[in-house]
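**Student:** structure here, sequence nowhere to be found:
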C-alpha cells in the first residue's frame, strides 16, 4: 500500500514513516524539506499519485492566530483537492483532544477549522485526536514560569509519548476509515501541577511549582475535562516516569 505522510520529517511524522516502512508499505515522507509543501501545493500532486492513504501530521510553524488559521485552512483545502484528484481512499489527520472545549485559543480554532474541512470533503476520513505529548511538557512549564516559580492549575491532563502517538497512527492507517474521531491518550491522568513538578524534579530543574486553580493553559482557562479524553480512548503504554528516565532527561 502507498501511504503519504504529510509532515513526514517532524517529531511524529518521522516515527510514523519508520513504523509503516517496517510493516512493508511504500511510504512517502512529505514535507517542505523533501519538496512537498501542502501550504503552497508544491509537489502535492506527484507525491499523492497512486496513494491509497494520506496521514496529515503537519503543524503550523507559527501559533499566531492569523498565521495558524491560514496554515490549517490553506493546507487543508490543498490536500483535499489533491487527494480527490489522486483518488485517495482514506484521509487521516492528527488533531488534539479537547479542541472544541478550548476555542478561546486561536490555535484550537484553527484545528477545528481543519477538522470541519475534512468532514465536508467526500474523502473517507478518520480524525485522530491525541492528548499532549510528553515532549511538550517543557513548553507547558515554561508558559507558567514567573521567575523561579511555575504557576500551574491542578486541572487533569493525560499526556502521552510521541512514540505511542506514532504507533497508534500506524495502526489506524491500515484500518478502514471511521468517518469520525478517535481519541488517543497516555495511560494515566494527573493534575497539571503534579505533572510539571514531576518533570522539574526529574530533570534537575530548581524551579518550584505553585498550584493555582486560576492559572491558564497558554492563555486559556482549563478544567478537568479540557485536556482529557472521553470514554474508551486508545491508551499508550509508556508512562511519564518511563519516558522521563530516558528521553525526558535529554530535553
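**Tutor:** Yes, it's here. Model, not experiment: these values are computed from the prediction. Numbering: from 1, shown residues only.
**Student:** so what does the worst-scoring helix or strand of the chain on mean pLDDT touch, helix or strand wise?
**Tutor:** Sorted by mean pLDDT, DSSP states H and E, the helices and strands of the chain end with helix 240-245, the least confident at a mean of 93. Applying 3 or more Cβ pairs under 8 Å, 6 or more residues apart in numbering; DSSP states H and E, we find helix 240-245 packed against helix 192-202. C-beta here means a position set from N, CA and C on the backbone, and glycine is covered the same way.
**Student:** so how far is the helix it packs on off the chain centroid?
**Tutor:** Chain-centre distance of helix 192-202: 21 Å, with Cα atoms, centre = their mean, to the nearest Å.
**Student:** gap between residue 130 and residue 97?
**Tutor:** Separation of residue 130 from residue 97 (Cβ to Cβ, to the nearest Å) stands at 6 Å.
**Student:** any idea of the pLDDT on the residue nearest to residue 145 when sequence neighbours are not counted?
**Tutor:** Closest residue to residue 145 apart from its sequence neighbours, by Cβ to Cβ, 6 or more residues apart in numbering: residue 207 at 6.5 Å. pLDDT, residue 207: 97.
**Student:** isn't residue 207 right up against residue 146?
**Tutor:** No. Using Cβ atoms under 8 Å, residue 207 is not in contact with residue 146; the gap is 9.5 Å.
**Student:** which one of the two has more residues nearby?
**Tutor:** residue 207 (17 against 9; other Cβ atoms under 10 Å).
**Student:** show me the contacts for that one.
**Tutor:** 141, 145, 148, 149, 150, 200 (Cβ atoms under 8 Å, 6 or more residues apart in numbering).
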